[in-house]
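[1] Provide a 3D model corresponding to the input given below.
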Amino acid sequence: MKMKILIIPVIIIVVALFSGAYIVSETEQVIVTQFGKAVGEPKTSPGLYFKIPVIQQANFFPKNLLEWDGDPGQVPTLDKTFIYVDTFARWKIIDPLKFFETVNNVMGAQARLDDIIDPAVRNFITSYPLIETVRDTNRELDTFEAGLGHTKEEARALGKITEGRGKITQGIMAQAQPKLKDFGIELVDVQIKRLNYVEQVRKSVYARMIAERKQIAEKFRSEGEGEARVIEGNRDKELKKITSEAYKTAQEIMGKADAESTMIYAQAYENDPDFYSFVKSLDVYQNAMDSKSFLLLSTESDFLKYFKGYGPFDGNNLDKN
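    From the prediction side, this is the model:
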């Protein structure tokens, strides 16, 4: 009976010790509360700590960087261009006591961040033209770069950048940070995650970009066709040159052959001119007269002299030869 009486207090003491002890890790910080009010200093160093069991509660808060992701919203720029802006931020709890007393938990802090960062983003986006939000430097645009949907000349016509995207995000941080310090929060970084035109403007921009790409493609096609015409012209020129040289060579060969043939014929017919005249006349008779031809000639015509049976070459001469 006495053993049971001793065991009960021991169990109570052990349970009290375990419920009164808590461990703080490297990524945590703790506020101890008693009946809902903070007591003591925040525990920010890792280690083993103790609190009064049941009466006191340990409230854990993260010590590492936390994420805030804003909802995309439609914002008009200074040059009256409506765009969707999507931003994100990184923050951390630097004063857990003030954080607990003001926003109580991370969910409450996210709501406060929405209320503070979103208006700051809207305020700065509406204070600058679109090109300031999109670009960060005055670097010359490439030929095919379409960051704004503008051509190289149009982008240059929009003017030079005086602040740029980096300065805008720095301004958003500078405006939001003092307000967040009242909640024990430090804003580490704010960045614009995505920019896009609203649906109505986006369609017209896409249509213009497509038209520009078609124009560039048509330019390349016309340049290619021009090069093809030059190549074809050079080919035809070279072909005509080769053909003319071949024709010249062929004509020279034919001329030499005809001259040599004429010389041979002349030498052959020079031995008997009367026989040559007779043979040539027969060729003329054959080509000039057929069964359908009619000739009315005088009997004195030289064309029929070989039909008369006399002349320098008559039948007797033919028999002799």
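[2] now do the contacts for residue 66.
    Counting by Cβ atoms under 8 Å, 6 or more residues apart in numbering, residue 66 touches 90-93, 106, 109. Glycine gets a C-beta too; all of them are placed from N, C-alpha and C.
[3] try it again at 6 Å.
    residue 91 (Cβ atoms under 6 Å, 6 or more residues apart in numbering).
[4] give me the distance between it and residue 114.
    Distance, residue 66 to residue 114, using Cβ to Cβ, to the nearest Å: 14 Å.
[5] and residue 126, by the same measure?
    Residue 126 is 18 Å from residue 114, by Cβ to Cβ.
[6] do residue 201 as well
    26 Å.
[7] same question for residue 137.
    Distance from residue 137 to residue 114, by Cβ to Cβ: 31 Å.
[8] looking at these two now, which is surrounded by more residues?
    residue 114 (13 against 10; other Cβ atoms under 10 Å).
[9] does that one lie in a helix or a strand, and which?
    With secondary structure defined by DSSP states H and E, residue 114 is part of helix 106-125.
[10] ditto for residue 240
    helix 199-270.
[11] stretch 91-110 spans what distance, first to last residue?
    End-to-end distance of stretch 91-110 (Cα to Cα, to the nearest Å): 10 Å.
[12] give me the residues contacting that stretch.
    Contacts of stretch 91-110 (Cβ under 6 Å, 6+ apart): 29, 31, 38, 42, 61, 65-66, 68, 112, 183-188.
[13] from those residues, which shows the smallest pLDDT?
    Model confidence across these bottoms out at residue 38, which has 88.
[14] please list all residues in contact with that one.
    31, 97.
[15] one step back: filter the contacts of stretch 91-110 to the buried ones?
    29, 31, 38, 42, 61, 66, 68, 112, 183-185, 187 (16 or more other Cβ atoms under 10 Å).
[16] what two of those are the furthest from one another?
    38 and 68 (24.8 Å; Cβ to Cβ).
[17] where in the stretch 201-321 of the chain is pLDDT low?
    Residues of the stretch 201-321 of the chain meeting the criterion pLDDT under 70: 289, 295, 297, 299, 303-304, 306-321.
[18] mind running it again at 50?
    310-321 (pLDDT under 50).
[19] quick one, domains of this structure?
    Following automatic domain parsing, the chain resolves into domains at 2-62, 66-197, 199-242, 274-289+296-320.
[20] which one of these lies closest to residue 258?
    domain 274-289+296-320 (17.5 Å).
[21] residue 80 and residue 201, how far apart?
    For residue 80 relative to residue 201 (Cβ to Cβ), the value is 11 Å.
[22] now the helix holding residue 240, how far from the chain's geometric center?
    36 Å (Cα atoms, centre = their mean, to the nearest Å).
[23] please apply the same query to stretch 32-42.
    Counting by Cα atoms, centre = their mean, stretch 32-42 comes out at 59 Å from the chain centroid.
[24] can you confirm residue 163 is in a helix?
    No. Assessed with DSSP: H, G, I helix; E, B strand; the rest coil, residue 163 is coil; it does not lie in a helix.
[25] let me know the secondary structure of the residue lying closest to it once chain neighbours are set aside.
    In space, and not counting its chain neighbours, residue 163 is closest to residue 132: 5.5 Å by Cβ to Cβ, 6 or more residues apart in numbering. What three-state DSSP gives for residue 132 is helix.
[26] surely residue 132 is in contact with residue 160?
    No. Using Cβ atoms under 6 Å, residue 132 is not in contact with residue 160, being 10.0 Å away.
[27] who has more neighbours, the two?
    residue 132 (23 against 9).
[28] okay, the more buried one: pLDDT?
    The model's pLDDT for residue 132 equals 88.
[29] how far away is it from residue 184?
    Taken as Cβ to Cβ, the span from residue 132 to residue 184 is 33 Å.
[30] how about residue 184, what does it touch?
    The contact partners of residue 184, taken as Cβ under 6 Å, 6+ apart, are 93, 95, 98-99.
[31] and those, which is closest to residue 267?
    Residue 267 lies nearest to residue 93 out of these, by Cβ to Cβ, at 124.9 Å.
[32] what's the neighbour count on that closest one?
    23.
[33] list phi and psi for it.
    Backbone torsions of residue 93, given as degrees, to the nearest 10, read phi -90, psi 120.
[34] who does it bridge with?
    Beta bridges link residue 93 to residue 185, judged by DSSP bridges.
[35] if we can go back for a sec, how about the helix holding residue 114: buried residues?
    Neighbour count says helix 106-125 has 109-110, 112-113, 116-118, 120-122, 124-125 buried, by 16+ other Cβ under 10 Å.
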